[in-house]
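S.K.: Take this sequence and fold it.
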Amino acid sequence: MKVHFIAIAGSAMHNLAIALKKKRYEVTGSDDEIFSPAKERLEQYGILPKELGWHEERISQDLDCVILGMHAKEDNPELLKAKELGLKIYSYPEFLYEMSKDKKRIVVGGSHGKTTTTAMILHAFKSAGIETDYMVGAMLKGFDVMVKMSESARYMVLEGDEYLTSPIDLRPKFHLYMPDIAIITGIEWDHVNVFPTFDKYKEQFETFTTKISDNGTLIYCSEDANVVDVASRCRSDIKKLPYGVLPHRVENGITYIIYNNKEYKMQIFGNHNLMNMNAAMIACKQVGISEDIFLTSMQSFEGAAKRLEIIKQTNQAIMFKDFAHSPSKLKATVSAVKKQFPKRRLIAVMELHTYSSLTQDFLKQYKGTMELADKAVVYYNHHALELKRLPDLEKEKIYSSFGKNDLTVTDSKEELVKILEAQDYSDTCLLMSSSGNFDGLDLDLLAEKVIR
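M.R.: Numbering: from 1, shown residues only. I've put the predicted structure just below:
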């Protein structure tokens, strides 16, 4: 099969391209910008475009299909040529469904916790020796790609993103996966450039539940009132399984799950992770993995990349990087670190990076999110505002929105480094939270300087 990717360098797109290459498909692709790690990974598999840009001559009648990424625009010359030739054009969610429509699909949706919950399910499947295909939004230890497809697997585990499918298909991605088992981890307004009101955003999750197969299953977070409301409106044939935080205790910075009179020592922590784990455990039980087998497997689960990932740890200090960017996830992560290490000083740094977080009317959602931090710092970059075509953001707006009296706000990477290097890290946790990269700040180098 011969497949061409328009906008091959996206996170999901380049992993799908690699997955097809591993299936011995003939794969080509184009993009106008390609960054690490996509560049190196595409080169490793021999599918890195020879030159950047869009080239309509790469689109020919002998292609079996074209897969279109969200980064491309409607007037993309390769897309226009594919339409002119009448080629089959898929978005990557459409293609994933096409390849999995005869399998049992587990789809993890939610404003936050999707990647971690999906990763937990995959880790448990692997430990239990159950073959599965998958798509997950981060690199996982023990998995060489973020997308796997085969003829032999009976299951497909999919991280269900609510963002738009492609420039020519404005449905949320997770509406295309048609789950047999669906999970909703939480609903908190996001993607304000696409869903201008919370009600419009919440409506996408209501639609998601209508896509569940006949007599399918919905696993939902009973701690989230918005999720509970959506679950209450489900069809009567759907089996509804609520979940909350798994019973646990914390001792000397280590979390122990308590289940059926047995304790399981975990490497991860925080109520949000323990809710994600409960959702994954219930999903795994639906395919025959017992709670004991699941929890035993979780003892070796180290978390997904950038999800409370330890950068460096000593007897005196520990530094984490985390993907937290939404208000509720930021608050939950700050709380988790403080609860896990209650006697340590917590320095929490958050980068405003997403379209939503840089939107003035949305900023007020962050009120109180960093209250538990002993020192809180918010960083933002004026160039990010320009790229997103948003009006400039004044520091005073950030101060008033977060509502923390001793908050530090900086728009300079150099100043941020100076602030962090000036801190005392005796008995301290440093939490770096962002969906971006702090304008290219080398966190490993920073850790070497401050964590001793």
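S.K.: make it CA atoms for all contacts and neighbour counts henceforth
M.R.: Fine.
S.K.: So which residues of the stretch 1-150 of the chain form strands?
M.R.: For the stretch 1-150 of the chain, the strands defined by DSSP state E, counting those that start in this stretch cover 2-6, 26-30, 65-68, 89-91, 104-109, 132-135, 147-148.
S.K.: Actually, the stretch 301-450 of the chain.
M.R.: If DSSP E, counting those that start in this stretch is used as the criterion, the strands of the stretch 301-450 of the chain fall at 309-313, 317-322, 345-352, 375-380, 408-410, 428-433.
S.K.: returning to what we had before: looking at the strands of the stretch 1-150 of the chain, spot the one closest to residue 177.
M.R.: Evaluated over the strands of the stretch 1-150 of the chain, closeness to residue 177 peaks at strand 104-109, with 7.3 Å, by Cα to Cα.
S.K.: what residues does that closest one touch?
M.R.: Contact with strand 104-109 is made by 114, 117-118, 154-162, 174, 177-185, 283, as judged by Cα atoms under 8 Å, 6 or more residues apart in numbering.
S.K.: Buried among the residues you listed? Make that a ChimeraX selection.
M.R.: Once 16 or more other Cα atoms under 10 Å is used to decide burial, the buried members of the contacts of strand 104-109 can be selected in ChimeraX as follows:
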select :114,117,118,155,156,157,158,159,160,161,162,174,177,178,179,180,181,182,183,184,185,283
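S.K.: my read: residue 67 touches residue 2, true?
M.R.: No - with contacts defined as Cα atoms under 8 Å, residue 67 does not count as touching residue 2, sitting 11.0 Å away.
S.K.: Counting neighbours, go ahead and name the busier of the two.
M.R.: The residue with more neighbours, out of residue 67 and residue 2 and counting by other Cα atoms under 10 Å, is residue 67; that gives 24 against 14.
S.K.: Relative to residue 91, how far out is that one?
M.R.: Applying Cα to Cα, to the nearest Å, the value for residue 67 to residue 91 is 5 Å.
S.K.: can you check residue 403 too?
M.R.: If you measure residue 403 against residue 91 using Cα to Cα, the figure is 42 Å.
S.K.: what does residue 172 give?
M.R.: To residue 91, residue 172 is 11 Å away according to Cα to Cα.
S.K.: what ranges do the helices span in the stretch 301-450 of the chain?
M.R.: Assigned by DSSP state H, counting those that start in this stretch, the stretch 301-450 of the chain shows helices spanning 327-340, 360-363, 382-387, 395-402, 413-421, 443-450.
S.K.: Out of those helices, which is the most enclosed?
M.R.: With neighbours defined as mean count of other Cα atoms under 10 Å, the helices of the stretch 301-450 of the chain peak in mean count at helix 327-340, which reaches a mean of 21.
S.K.: correct me, but residue 125 touches residue 131?
M.R.: Yes - taking contact to mean Cα under 8 Å, the distance of 7.0 Å between residue 125 and residue 131 places them in contact.
S.K.: Okay, and which of the contacts of strand 104-109 map to helices?
M.R.: Using DSSP state H, 114, 117-118, 283 are the members of the contacts of strand 104-109 that sit in helices.
S.K.: Could I get the contacting residues of the spatially most central residue of the chain?
M.R.: Ranked by distance to the mean C-alpha position of the chain (Cα atoms, centre = their mean), the top residue is residue 115 at 4.5 Å. Under the criterion of Cα under 8 Å, 6+ apart, the contact partners of residue 115 comprise 136-138, 159, 304.
S.K.: Likewise for residue 304?
M.R.: Remark: with contacts taken as Cα under 8 Å, 6+ apart, residue 304 is in contact with 115-116, 119, 138-141.
S.K.: With pLDDT as extra columns, can I get the ones in helices among the contacts of strand 104-109 in JSON lines?
M.R.: What follows is the ones in helices among the contacts of strand 104-109, written out as JSON lines (pLDDT from 0 to 100):
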{"residue": "114", "pLDDT": "94"}
{"residue": "117", "pLDDT": "97"}
{"residue": "118", "pLDDT": "97"}
{"residue": "283", "pLDDT": "98"}
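S.K.: which of these sit farthest apart?
M.R.: The two members of those with the most space between them (Cα to Cα) are 114 and 283, at 13.2 Å.
S.K.: Excluding chain neighbours, what is closest to residue 166?
M.R.: The shortest distance from residue 166 to any non-neighbouring residue, by Cα to Cα, 6 or more residues apart in numbering, is to residue 70 (4.5 Å).
S.K.: quick one: the helices in the stretch 151-300 of the chain?
M.R.: Taking DSSP H, counting those that start in this stretch as the criterion, the stretch 151-300 of the chain carries its helices at 198-210, 225-232, 271-285, 291-298.
S.K.: Those helices: which one's closest to residue 103?
M.R.: The closest approach between residue 103 and any of the helices of the stretch 151-300 of the chain, judged by Cα to Cα, belongs to helix 271-285 at 15.4 Å.
S.K.: Which secondary structure elements does the closest one sit against?
M.R.: Using 3 or more Cα pairs under 8 Å, 6 or more residues apart in numbering; DSSP states H and E as the contact definition, the elements that helix 271-285 packs against are helix 114-128, strand 217-221, strand 239-243, helix 291-298, helix 327-340.
S.K.: Quick check: which of the ones you listed is nearest to residue 78?
M.R.: Between residue 78 and the helices and strands packed on helix 271-285, the shortest gap by Cα to Cα is with helix 114-128, which sits at 31.6 Å.
S.K.: what comes up buried for that closest one?
M.R.: Buried residues in helix 114-128, counting neighbours by 16+ other Cα under 10 Å, are found at 114-125.
S.K.: would you turn the residues you listed into TSV with distance to residue 390?
M.R.: TSV is the format used below for the buried residues of helix 114-128 (distance: Cα to Cα, whole Å):
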residue	distance to residue 390
114	28
115	28
116	31
117	33
118	33
119	34
120	37
121	38
122	38
123	40
124	42
125	43
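S.K.: Give me the mean pLDDT for stretch 235-253.
M.R.: When the per-residue pLDDT values of stretch 235-253 are averaged, the result is 96.
S.K.: from the chain's centre, how far out does it sit?
M.R.: In terms of Cα atoms, centre = their mean, to the nearest Å, the centre of stretch 235-253 is found 20 Å from the chain centre.
S.K.: And the contacts of it?
M.R.: By Cα under 8 Å, 6+ apart, the surrounding residues in contact with stretch 235-253 are 210, 212, 214-223, 231, 255-259, 271-272, 274-275, 277-279, 282, 340-341.
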